[in-house]
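Undergrad: Build me a model from this:
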Amino acid sequence: MATSALMAAHLPLVSSGRLPLQQRAAYVSRINCNAQGQSPQPSQTPSPTPKVSTKFSDVLAFSGPAPERINGRLAMIGFVAALAAELARGDDVVAQLANGGLPWFVVSTVVLSIASLVPLFKGVTVQSKSDGIMTSDAEMWNGRFAMLGLVALVFTEYLKGGALV
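TA: Have a look, this model is predicted:
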């Protein structure tokens with residue numbers, strides 16, 4: 001009785017053509033299964049996880065998982081470090097690099113790039129590690145804003161002729 005009410009309530013949605021053909025077929029088969037007095041069986045096989053390529057050329061491809069993430073992570077650290085050094089010493093970004101900051105920049109770039117690439121070459125995706133507030137999308141957007149902030153900081157200091165603070 002409850003099954004026929006469920007089927008009657010949802011049948012106009014299915015027959016009206018508002019669902020795509022594949023979803024409609026799956027929906028009708030689920031209703032038929034319930035109508036025969038059987039409870040729907042969860043699939044016994046887990047859904048296959050998509051294969052992640054660990055080839056060097058795929059990981060570092062223009063649309064691959066590494067370039068924007070690494071640049072975003074470097075920009076986040078660089079933006080905070082540039083502002084902190086500017087507040088502490090009063091130097092603009094160019095002066096910071098000229099006064100001994102270039103080796104720090106190179107070392108941090110190499111270390112963070114390697115640390116970001118190792119999990120990707122092992123086949124671990126960023127999305128599999130994202131949870132709660134710390135999602136992969138949030139990291140991507142924070143990195144993009146940090147890239148823009150770093151460029152804006154350097155451009156503002158150039159126009160001003162010195163440090164921002």
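Undergrad: what comes up buried for stretch 54-66?
TA: Of all the residues in stretch 54-66, those buried under the rule 16 or more other Cβ atoms under 10 Å are 59, 64-66. (Glycine included, C-beta is placed from N, CA and C.)
Undergrad: And stretch 131-151, by the same measure?
TA: For stretch 131-151, by 16+ other Cβ under 10 Å, it's 136, 139, 143, 146-147, 149-150.
Undergrad: Export the residues you listed as JSON lines, with columns for secondary structure and distance to residue 101.
TA: Converted to JSON lines, those look like this (DSSP: H, G, I helix; E, B strand; the rest coil; distance: Cβ to Cβ, whole Å):
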{"residue": "136", "secondary structure": "helix", "distance to residue 101": "30"}
{"residue": "139", "secondary structure": "helix", "distance to residue 101": "25"}
{"residue": "143", "secondary structure": "helix", "distance to residue 101": "21"}
{"residue": "146", "secondary structure": "helix", "distance to residue 101": "17"}
{"residue": "147", "secondary structure": "helix", "distance to residue 101": "18"}
{"residue": "149", "secondary structure": "helix", "distance to residue 101": "18"}
{"residue": "150", "secondary structure": "helix", "distance to residue 101": "13"}
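Undergrad: so which of the residues you listed would you say is closest to residue 102?
TA: residue 150 (15.7 Å; Cβ to Cβ).
Undergrad: who's in contact with that closest one?
TA: 75, 78-79, 82, 93 (Cβ atoms under 8 Å, 6 or more residues apart in numbering).
Undergrad: among the residues you listed, which are in helices?
TA: 75, 78-79, 82, 93 (DSSP state H).
Undergrad: Closest one of those residues to residue 110?
TA: For these, the nearest to residue 110 is residue 78 (13.8 Å; Cβ to Cβ).
Undergrad: Run through the residues that contact that closest one.
TA: 105, 146, 150.
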